[in-house]
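[1] fold the following, please.
(one chain, ligands or ions: 2)
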Amino acid sequence: MQILSRESDATTKDNPSPGRLIIFTGPSGVGKGTLMRSLLQRHPELYYSISVTTRHPRPGEVDGKDYYFITRSKFEQLVASGEFLEWAEFAGNCYGTPREPVERQIRQGKFVVLEIELKGARQIRQTFPTAESIFILPPSFEELEKRIRTRGNDSEEAIARRLNRAKAEIDAADEFDTQIINDDLETALHALEAALFS
Ligand SMILES: Nc1ncnc2c1ncn2[C@@H]1O[C@H](COP(=O)(O)OP(=O)(O)OP(=O)(O)O)[C@@H](O)[C@H]1O
Ligand SMILES: Nc1nc2c(ncn2[C@@H]2O[C@H](COP(=O)(O)O)[C@@H](O)[C@H]2O)c(=O)[nH]1
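    Numbering: from 1, shown residues only. Ligands and ions are numbered 1, 2, ... in the order given. Take a look at the predicted model:
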């Protein structure tokens, strides 16, 4: 399947502009979701892929908007039936990108964004080498820990697991086409827009 390259043959008379696939990665707590919300407000034409997870909802999270929250056994069924474009286990929970809506949006010429962790990002880059990838870095590891703690939803155990993963994820930042440091939010947002639209 070659539906993701701007140079591909996906362009047809009915679909004059082939889609783009963007992978948006970075350690937990770096501010991916915060940046993504601002980006979507400014660019409503973007299609944000809603992931499936076995994690319990945080206060304020809405099923079908933030994630599709499901049980582990249901998740395993979806894996077995090939419903995910990629999936990974992260800090004790499973996360996956539903295949069908993403492929459909790209076929329709849309600009699709996946906000996913490193293992999933690597799977997507293998499957879709033309996907564009952006890695968000924290200004420092101390600031990353502060942000995870300030968010205030995770247990000490979950925080330790996420920080532990963060080290390996930050070490992989060079694998990505673009790296952006999320220090000042507005500056990072402009850098993100420049990477995507210029
Ligand atoms: N530039 C910034 N400066 C200060 N705080 C920030 C900045 N960006 C995000 N934050 C704060 O950091 C916390 C974590 O942000 P967010 O939940 O968006 O991270 P995330 O990368 O999406 O995390 P996860 O991958 O775990 O979902 C939030 O409390 C958010 O308000
Ligand atoms: N591989 C995938 N990773 C995903 C997906 N959806 C979200 N994520 C990433 O998981 C961690 C933890 O998220 P949290 O909401 O529990 O803090 C974070 O890095 C997300 O970007 C997915 O579909 N696949």
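[2] residues near Val52, how many?
    For Val52, the neighbour count with other CB atoms under 10 Å is 20. The C-beta positions use only the backbone N, C-alpha and C, and glycine is treated the same way.
[3] is it correct that it is in contact with Gly96?
    Yes: judged on CB atoms under 8 Å, Val52 makes contact with Gly96 at a distance of 4.8 Å.
[4] are there residues contacting both of the two? Which ones?
    Common contacts of Val52 and Gly96 (CB atoms under 8 Å, 6 or more residues apart in numbering): 75, 78, 84.
[5] for the first one, give me its contacts.
    By CB under 8 Å, 6+ apart, the contact set of Phe75 is 52, 54, 87, 94, 96.
[6] please repeat the previous calculation with a cut-off of 7 Å.
    Applying CB atoms under 7 Å, 6 or more residues apart in numbering to Phe75 gives the contacts 52, 54, 94, 96.
[7] same question, the second one
    By CB under 7 Å, 6+ apart, the contact list for Leu78 reads 52, 84, 96.
[8] how about the last one: what's its closest non-neighbour residue?
    Across the structure, with CB to CB, 6 or more residues apart in numbering as the measure, the residue nearest Gly96 apart from its sequence neighbours is Trp87 (3.3 Å).
[9] tell me the helix or strand right after the helix or strand where that neighbour lies.
    Using DSSP states H and E, Trp87 sits in strand 84-90. Using DSSP H and E, the helix or strand that follows strand 84-90 towards the C-terminus is strand 93-98.
[10] for that next one, output the C-alpha coordinates as PDB.
    C-alpha atoms of strand 93-98 as PDB (Å, rounded to 0.1, in the frame of the first residue of the first chain):
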ATOM      1  CA  ASN A  93      -0.900   0.100  29.500                       C
ATOM      2  CA  CYS A  94      -1.600  -0.700  25.800                       C
ATOM      3  CA  TYR A  95      -2.100   2.000  23.100                       C
ATOM      4  CA  GLY A  96      -2.900   1.600  19.500                       C
ATOM      5  CA  THR A  97      -3.800   3.600  16.300                       C
ATOM      6  CA  PRO A  98      -7.000   2.400  14.600                       C
END
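[11] from the contacts of Leu78, which are also near ligand 2?
    Restricting these to those near ligand 2 by CB under 6 Å from any ligand atom leaves Gly96.
[12] tell me which parts of the protein are close to ligand 1?
    26, 28-34, 147, 150-151, 182, 185.
[13] at 8 Å instead, please
    26-37, 115, 117, 136, 143, 147-148, 150-152, 162, 182-185, 188 (CB under 8 Å from any ligand atom).
[14] so which of the residues you listed reach ligand 2?
    26-29, 32-33, 115, 117, 162.
[15] show me the contacts for Tyr47.
    Contacts for Tyr47 (CB under 7 Å, 6+ apart) come out as 105, 110-113.
[16] can you pull out the residues in contact with the strand holding Trp87?
    Contacts of strand 84-90 (CB under 7 Å, 6+ apart): 78-79, 94-99, 102, 116-117, 119-120, 123-124, 165.
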